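*Asks:* Quick one: sequence plus predicted model below, questions after.
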Amino acid sequence: MVLGKRLTPSTTELDYATVRRYWNAAQPSILAPYMMDGFGFPAGAGLFRFRAESRIVQRLTAGVNTQGTVLDLGSGMGFWAEYFSSRFAKVIAVEASQPLFKDLKRRCDPYPNIETIEGSAMAFEPDGAYSLMFFGGMLMYLKTEDVILLLRKLVPFLEAGGMILCRETTVREGTVTRQGDYQATYRSVATYSQIFEESGLAVSTIELNLPYVLLQIGCEAVRKWKAVVPKPLQWTPLVGRFTYWGLRLSNPWAVRVLGALRLPFPRLTNHFFVLKASG
């Protein structure tokens with residue numbers, strides 16, 4: 001994610017019109033869903049992160065009924081829908097962005113067990129029971145009251161033994177909202193836990209998304225480089241590739257060392273939340 005001077009306290013609300021405008025102008029790429037464009041990273045960085053995250057998702061969803069249906073809200077270009085189609089009987093993929101939905105259709109049309117729907121998460125009307133509901137970085141584009149409304153609407157359609165799996169960008173404390181052309185709300189783990197509880201969900205597992213943190217270290221390091229080095233000398237493609245491969249070679253020690261030192265870097269982290277219907 002791109003962070004700058006426009007990161008503000010959560011008293012500033014998201015403007016949905018601005019959020020829609022940004023995503024309706026988005027150009028599909030393997031780096032775009034992870035906000036890693038502009039740092040000089042090779043396209044393989046996006047594929048590396050997706051594959052690393054998919055191993056986490058496979059482990060976290062190991063006990064879910066694979067004969068059931070997956071609801072993938074905010075599907076983006078369909079990488080996760082495609083992944084779930086090989087493990088579950090049916091996948092319903094919902095995406096509001098017109099250019100991303102076009103790419104989603106292209107990717108998922110060959111799979112007969114994927115149903116694609118163009119529309120917003122808030123407008124989606126659940127039908128039937130779902131063994132897994134997956135939000136891959138979608139709640140950050142909703143106001144808190146709408147997150148609660150959405151989850152309360154979906155919880156009754158979660159089948160017995162099913163789960164909701166969220167993967168959301170987080171901050172260490174409180175809630176902050178990024179303003180400007182790209183808007184998003186970043187919440188702490190504690191804040192998300194409270195939201196889930198108010199929505200009728202119990203948090204059974206919280207796991208740091210190490211692949212995200214690893215590459216976010218690179219994004220924020222390259223951003224600092226660009227802030228102090230004159231533009232003609234930035235050599236972003238070279239610096240980005242060097243940073244990326246340096247992190248890959250130091251994985252997972254770079255993240256562990258920063259964690260052990262308790263340094264507030266990177267500014268953004270990311271977590272998986274495994275949620276079950278409470279009661």
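*Replies:* Nice, thanks for sending it over. Numbers count the residues shown, from 1 in each chain.

*Asks:* shouldn't Gln234 be in contact with Trp225?
*Replies:* Yes - applying C-beta atoms under 8 Å, one finds Gln234 in contact with Trp225, separated by 6.9 Å. Every residue, glycine included, has its C-beta placed from N, CA and C.

*Asks:* helices or strands next to the helix or strand containing Leu104 in the packing?
*Replies:* Using DSSP states H and E, Leu104 falls within helix 98-108. Counting contacts by 3 or more C-beta pairs under 8 Å, 6 or more residues apart in numbering; DSSP states H and E, helix 98-108 packs against helix 16-24, helix 79-85, strand 90-95, strand 114-118.

*Asks:* ok, Gly218 to Ser85 distance?
*Replies:* Gly218 sits 31 Å away from Ser85, going by C-beta to C-beta, to the nearest Å.

*Asks:* Counting neighbours around each, name which of these two comes out higher.
*Replies:* Gly218 (25 against 21; other C-beta atoms under 10 Å).

*Asks:* Give me the longest helix you can find in the protein.
*Replies:* helix 210-228 (DSSP state H).

*Asks:* If you count neighbours, what's buried in that one?
*Replies:* For helix 210-228, burial by neighbour count (16 or more other C-beta atoms under 10 Å) applies to 210-223, 225-226.

*Asks:* again, but for stretch 234-243
*Replies:* Within stretch 234-243, the residues scored as buried using 16+ other C-beta under 10 Å are Gln234, Thr236, Val239, Gly240, Arg241, Thr243.

*Asks:* which SS state does Phe242 fall under?
*Replies:* Here Phe242 is recorded as helix under DSSP: H, G, I helix; E, B strand; the rest coil.

*Asks:* now Thr177
*Replies:* Quick answer, by three-state DSSP: Thr177 is strand.

*Asks:* how about the strands in this protein?
*Replies:* Along the chain, counting by DSSP state E, strands occupy 7-9, 69-73, 90-95, 114-118, 130-135, 158-171, 175-178, 184-188, 201-208, 269-277.

*Asks:* Of those, which is nearest Arg262?
*Replies:* Closest to Arg262 of the strands of the chain is strand 269-277 (C-beta to C-beta; 13.0 Å).

*Asks:* Which strands and helices lie in contact with the closest one?
*Replies:* By 3+ C-beta pairs under 8 Å, 6+ apart, strand 269-277 packs against helix 44-60, strand 158-171, helix 189-198, strand 201-208, helix 210-228.

*Asks:* In this model Val19 seems to touch Thr177, though I could be wrong.
*Replies:* No - in this structure, Thr177 is not within contact of Val19 by C-beta under 8 Å, at 11.2 Å.

*Asks:* Now do the shared contacts for the two.
*Replies:* The contact sets of Thr177 and Val19 overlap at Gln183, Ala184 (C-beta atoms under 8 Å, 6 or more residues apart in numbering).

*Asks:* For Gly68, give its distance to Leu154.
*Replies:* Here the criterion is C-beta to C-beta. By it, Gly68 lies 14 Å from Leu154.

*Asks:* Between the two, which is the more surrounded one?
*Replies:* A count of neighbours by other C-beta under 10 Å puts Leu154 above the other of Gly68 and Leu154, at 22 against 17.

*Asks:* Test my guess that the more buried one contacts Ile164.
*Replies:* Yes - with contacts counted by C-beta under 8 Å, Leu154 reaches Ile164, the gap being 7.4 Å.

*Asks:* Can you pull the residues that touch both of these two?
*Replies:* By C-beta under 8 Å, 6+ apart, Leu154 and Ile164 have these common neighbours: Met133.
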